[in-house]
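J.: For reference, the sequence and a predicted model appear below.
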Amino acid sequence: NAGVTQTPKFQVLKTGQSMTLQCAQDMNHEYMSWYRQDPGMGLRLIHYSVGAGITDQGEVPNGYNVSRSTTEDFPLRLLSAAPSQTSVYFCASSYGDQETQYFGPGTRLLVL
Amino acid sequence: QQQVKQSPQSLIVQKGGISIINCAYENTAFDYFPWYQQFPGKGPALLIAIRPDVSEKKEGRFTISFNKSAKQFSLHIMDSQPGDSATYFCAASSPGGYQKVTFGTGTKLQVIP
């Protein structure tokens, strides 16, 4: 099993550009989520999904969109990138509520 | 509002020593407290987790101590090794529908030989 995979590993954007961060898991997990990690702030939940077709907002959802058309994939879309979105983004999946979360390797995003 | 407060921000421990990281929470609905370990350039990985029905949980050199009345929990790393050098995050979640995990701000541990 590949576990949780994320692409790209690193991306540079200009302010106003849009992009999609990809996340896929092959563990048949129902729960998937996106976090951003910033220095001194830990991990903050952006959006999450409890199954295909079901998504909801986390702590810091503004400027991001998600969709979940399949169990395996959970892409994160930046609609109009801003310098404040410079961060490291992690996707995670788990079997269920309060079960172990498995994290991907992260995507480092720099918005100029 | 930081619902899980973690300290210290950084920690330097001699090889063989005990590393102690503390966390405090506010939400009394939290009932699941995992600790994650993160090496540079990698995603976090679950280290150990505890529920409030026990006061202590041990896995190898790693022990979680839990004080429900004080709303505090801590990670102890016994016989710390250079390979333990990483960033550690405490976290907490409440039951009911989804794993909305609240993370602490992290502790960067360096174990020196």
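T.: Structure received.

J.: How far does the host helix or strand of B:Cys23 sit from its chain's centre?
T.: Assessed by DSSP states H and E, B:Cys23 sits inside strand B:19-25. Centre-to-centre, strand B:19-25 and its host chain are 6 Å apart (C-alpha atoms, centre = their mean, to the nearest Å).

J.: Adjacent strands (with direction) for the next helix or strand along the chain from that strand?
T.: Per DSSP H and E, strand B:19-25 leads on to strand B:33-38 as the next helix or strand towards the C-terminus. Using DSSP bridges, strand B:33-38 pairs in its sheet with strand B:45-50 (antiparallel), strand B:86-92 (antiparallel).

J.: What is the burial count for the residue in chain A that chain B sits nearest to?
T.: Per C-beta to the nearest C-beta, A:Phe103 is where chain A lies closest to chain B, at 3.2 Å. Quick note: C-beta positions are derived from backbone N, CA and C, even for glycine. Residues lying near A:Phe103 (other C-beta atoms under 10 Å in any protein chain shown) number 23.

J.: That one touches B:Phe39, doesn't it?
T.: No. Using C-beta atoms under 8 Å, A:Phe103 makes no contact with B:Phe39, being 11.5 Å away.

J.: Contact residues of chain A facing chain B?
T.: Residues of chain A lying close to chain B by C-beta under 8 Å from any C-beta of the partner chain are A:4, A:31, A:33, A:35, A:40-45, A:48, A:50, A:56, A:58, A:90, A:92, A:94, A:96-106.

J.: Got the phi and psi for B:Thr28?
T.: phi -70, psi -10 (degrees, to the nearest 10).

J.: Check the gap between the nearest residue to B:Asn27 once chain neighbours are set aside and A:Ala52 for me.
T.: Leaving aside its chain neighbours, B:Asn27 sits nearest to B:Gln3 (5.5 Å; criterion: C-beta to C-beta, 6 or more residues apart in numbering or on different chains). Per C-beta to C-beta, to the nearest Å, B:Gln3 is found 30 Å from A:Ala52.

J.: A:Gly3 now?
T.: Where A:Ala52 is concerned, A:Gly3 sits at a distance of 19 Å (C-beta to C-beta).

J.: Would you tell me which strand is longest in chain A?
T.: strand A:42-51 (DSSP state E).

J.: in the next helix or strand after that strand, what counts as buried?
T.: Using DSSP H and E, the helix or strand that follows strand A:42-51 towards the C-terminus is strand A:54-57. Using 16 or more other C-beta atoms under 10 Å in any protein chain shown as the test for burial, strand A:54-57 gives A:Thr55.

J.: now for strand A:54-57, which elements pack on it?
T.: strand A:42-51 (3 or more C-beta pairs under 8 Å, 6 or more residues apart in numbering or on different chains; DSSP states H and E).

J.: if we look at the strand it packs on, which residues are touching it?
T.: Residues outside strand A:42-51 that contact it (C-beta atoms under 8 Å, 6 or more residues apart in numbering or on different chains) are A:30-38, A:55-61, A:64-66, A:68, A:71, A:74, A:76, A:89-90, B:6, B:44, B:89, B:97-101, B:103-106.

J.: Noted, bye for now.
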